[in-house]
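Participant: please work out how this folds:
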Amino acid sequence: MTTTSKQIIATRTLLYSRVGESEKRKLTVGIVVPYHLTPGSVSFAFDEDTAGCAIVFDGIPEDEIVVFGADKIQALAMAVDIDPYLRGLARKYDFFYETGELYFDA
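Facilitator: Sure thing, here's the model as predicted:
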């Protein structure tokens with residue numbers, strides 16, 4: 001994971017392989033506690049309730065993904081829907097359930 005100081009509140013464990021390779025390795029996707037934005041923390045204007053929530057990856061060399069919402073509930077809801085973010089990474093990786101079955105239908 002790209003951060004160790006943030007509190008992980010939910011995880012999903014998967015397997016992955018690089019596209020074109022057969023060796024499967026463990027991947028843990030973590031959701032970090034949502035937080036309110038502070039002045040200077042982002043490069044866009046925001047309201048006082050605007051929040052961010054990070055998705056972190058333990059097992060693949062990818063940066064965390066931060067999603068933003070109108071408040072902490074919306075930011076969290078957007079972050080826990082990890083499938084669109086994993087689909088974005090599917091150019092590089094194939095994802096599997098721990099049973100070995102494909103995570104996404106082909």
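Participant: longest strand anywhere in the chain?
Facilitator: When every strand of the chain is counted residue by residue (DSSP state E), the longest turns out to be strand 8-18.
Participant: show me what the next helix or strand after it is packed against.
Facilitator: Sequence-wise, the next helix or strand downstream of strand 8-18 (DSSP states H and E) is strand 25-32. Strand 25-32 sits against strand 8-18, strand 51-58, helix 72-80, with contacts defined as 3 or more C-beta pairs under 8 Å, 6 or more residues apart in numbering; DSSP states H and E. Quick note: C-beta positions are derived from backbone N, CA and C, even for glycine.
Participant: point out where this structure drops to low pLDDT.
Facilitator: Low-confidence segments of the chain (pLDDT under 70): 1-5, 106.
Participant: make it 50
Facilitator: For the chain, residues meeting the criterion pLDDT under 50 lie at 1-4.
Participant: so what sits opposite the residue nearest the centre of it in the bridge?
Facilitator: Of all residues in the chain, the one closest to the mean position by C-alpha atoms, centre = their mean is I55, 2.8 Å from it. Taking DSSP bridges, one finds I31, I65 as the beta-bridge partners of I55.
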